[in-house]
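[1] Predicted coordinates and the sequence they were generated for:
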Amino acid sequence: MDNALSFPEGFLWGTATAAHQIEGGNYNSDWWRFEHAPGTPCFEPSGDACDSWNRYEEDLDIVADLGLNSFRFSLEWARIEPAKGEFSQVALNHYLDVIEACHARNIVPVVTLHHFTLPLWVADEGGFESPQIVEWMGRYAAKVGEHLGARIGIACTINEPNIVAFMGWQMGVFPPGTAATKRWEEINVVMRDCHKAMRDALVAGPGNFPVGLTLSMGDNIALPGGEEHRDRWEREMEDLYLEACRGDDFIGVQCYSKGLFGPDGYIQDEDIERTDMGYAFWPECVEATVRHAARVAQVPIYVTENGIGTTKDEDRIRYLNAAIRGLHNTIADGIDVRGYCQWSLLDNFEWAYGYRMQFGIVEVNRLTFERTLKPSASWYATVARSGIIQ
Ligand code: GCO
């Protein structure tokens, strides 16, 4: 009991997911096409994913049974606006059903509007390189707000815009891959404009819920002589976004590991335990990134994603335990942190890596879609129910 740390009353405990990674059959999106195109780094297509389009009630029953009071999921733009300017009432109603299913279980719905994927028509008209993308995303957000706004708990406009830009335009492992013609720094500028347009559209619509974006962050560490490289990376990847979010209701911090910088730039840490993703096992990232986000953005914080890809569930428990204890340090120091979402509820489609990476606290049978709780799910339930980490 000596080591027990309590979290504040009303703290949100949740798990996070994303439409394309769990719903299945998202064939009208740029990612589906990317998965099937020759020459991309994709290991396998997303296919039926976890069939959560149909099984969301079952998923939410699990969330409720674990005693979690929030659930983060995303809306699929490709389903809501399958063709330019043509909105699907069925898709919008489906997401309203998901939101109502959350409320029925006393779960706060944390709704992300854009999580990596674009409708094919947007991609075909230039995607984030199109001069009209800000207008299209704003219009999409207005439609979502009009239909769902009254029932949304918390809204995230864009998930990790910095990763979309970096992976798509610098690394080529996300769409548009080889079709990219701009620099990732230019896409970052566009992303911030998209976020503002979406935020303004949501704020102008019905409902009164916090709106923010979620950012991929890391514990960026400089070895002697590496400071300049670290600072340059951190500025482009994190600080320009954090500064742009100063007027927002919150910033969503998402972190998994650390980045190490030496005199020649980014380097791999040799002597460190690694996760299946190849990341350094570094639960310290939560404390570090929350402190950094609070300092630069100066707005309330939700940790909207944190977790580990591993087939060894005991490592997940060890990681989450250390991560959540680190998070507690930030709250003890007076930082306004309002919730924590573990990534992810289910073993799901991990983008170019396919289904090999297991981030879930719940296993999903790839043929029957049967869900089976892992020990980490019960462990996390104990933390969430008590608000205490041992
Ligand atoms: C993200 C990613 C998730 C990944 C997770 C694990 O927002 O970072 O959206 O989709 O699955 O980060 O790599």
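    Sure thing, it's come through.
[2] does residue 26 count as helix, strand or coil?
    State at residue 26, reduced to three classes by DSSP: H, G, I helix; E, B strand; the rest coil: coil.
[3] Also residue 291?
    helix.
[4] what's the closest non-adjacent residue to it?
    residue 330 (5.9 Å; C-beta to C-beta, 6 or more residues apart in numbering). Yep, even glycine has a C-beta here, placed from its N, CA and C like the rest.
[5] and if you look at residue 125?
    In space, and not counting its chain neighbours, residue 125 is closest to residue 132: 7.2 Å by C-beta to C-beta, 6+ apart.
[6] Tell me which helix or strand comes right after the helix or strand residue 122 falls within.
    Using DSSP states H and E, residue 122 falls within helix 120-124. Where DSSP H and E defines the elements, the next helix or strand beyond helix 120-124 is helix 133-148.
[7] what mean pLDDT does that next one have?
    With pLDDT averaged residue by residue, helix 133-148 scores 98.
[8] now do stretch 3-16
    Per-residue pLDDT over stretch 3-16 has a mean of 96.
[9] how about that stretch, does it get close to the ligand?
    No. Stretch 3-16 does not reach the ligand (C-beta under 6 Å from any ligand atom); its nearest approach is 7.7 Å.
[10] how far out from the middle of the chain is that stretch?
    Remark: stretch 3-16 is offset 19 Å from the chain centroid, using C-alpha atoms, centre = their mean, to the nearest Å.
[11] Check stretch 369-376 too.
    In terms of C-alpha atoms, centre = their mean, the centre of stretch 369-376 is set 21 Å apart from its chain centre.
[12] Could you do stretch 249-264 as well?
    Averaging C-alpha positions (C-alpha atoms, centre = their mean) puts stretch 249-264 14 Å from its chain's average.
[13] Quick one: mean pLDDT for that stretch?
    For stretch 249-264, mean pLDDT rounds to 97.
[14] Flag every buried residue along that stretch.
    249-261 (16 or more other C-beta atoms under 10 Å).
[15] Name the SS class of residue 106, please.
    Secondary structure for residue 106, judged by three-state DSSP, is coil.
[16] if I pick the residue nearest to it when sequence neighbours are not counted, what's in contact with it?
    Closest residue in space to residue 106, ignoring its immediate chain neighbours: residue 69 at 6.6 Å, by C-beta to C-beta, 6+ apart. Neighbour list for residue 69: 12, 13, 14, 106, 107, 108, 384 [criterion: C-beta atoms under 8 Å, 6 or more residues apart in numbering].
[17] Take the buried residues of stretch 249-264 and lay them out in CSV including distance to the ligand and secondary structure.
    Formatted as CSV, the buried residues of stretch 249-264 follow (distance: C-beta to the nearest ligand atom, whole Å; DSSP: H, G, I helix; E, B strand; the rest coil):
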residue, distance to the ligand, secondary structure
249, 19, coil
250, 16, strand
251, 14, strand
252, 9, strand
253, 11, strand
254, 5, strand
255, 9, strand
256, 6, strand
257, 10, strand
258, 15, strand
259, 15, strand
260, 19, strand
261, 21, strand
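[18] Surely residue 339 is in contact with residue 10?
    No. If you go by C-beta atoms under 8 Å, residue 339 and residue 10 don't touch, sitting 9.2 Å apart.
[19] Of those two, which one has the most company?
    Between residue 339 and residue 10, counted using other C-beta atoms under 10 Å, residue 339 has the larger neighbour count: 23 against 9.
[20] I'd like the secondary structure assignment at the more buried one, please.
    strand.
[21] farthest pair in the buried residues of stretch 249-264?
    By the measure C-beta to C-beta, 249 and 260 form the most distant pair in these, at 33.1 Å.
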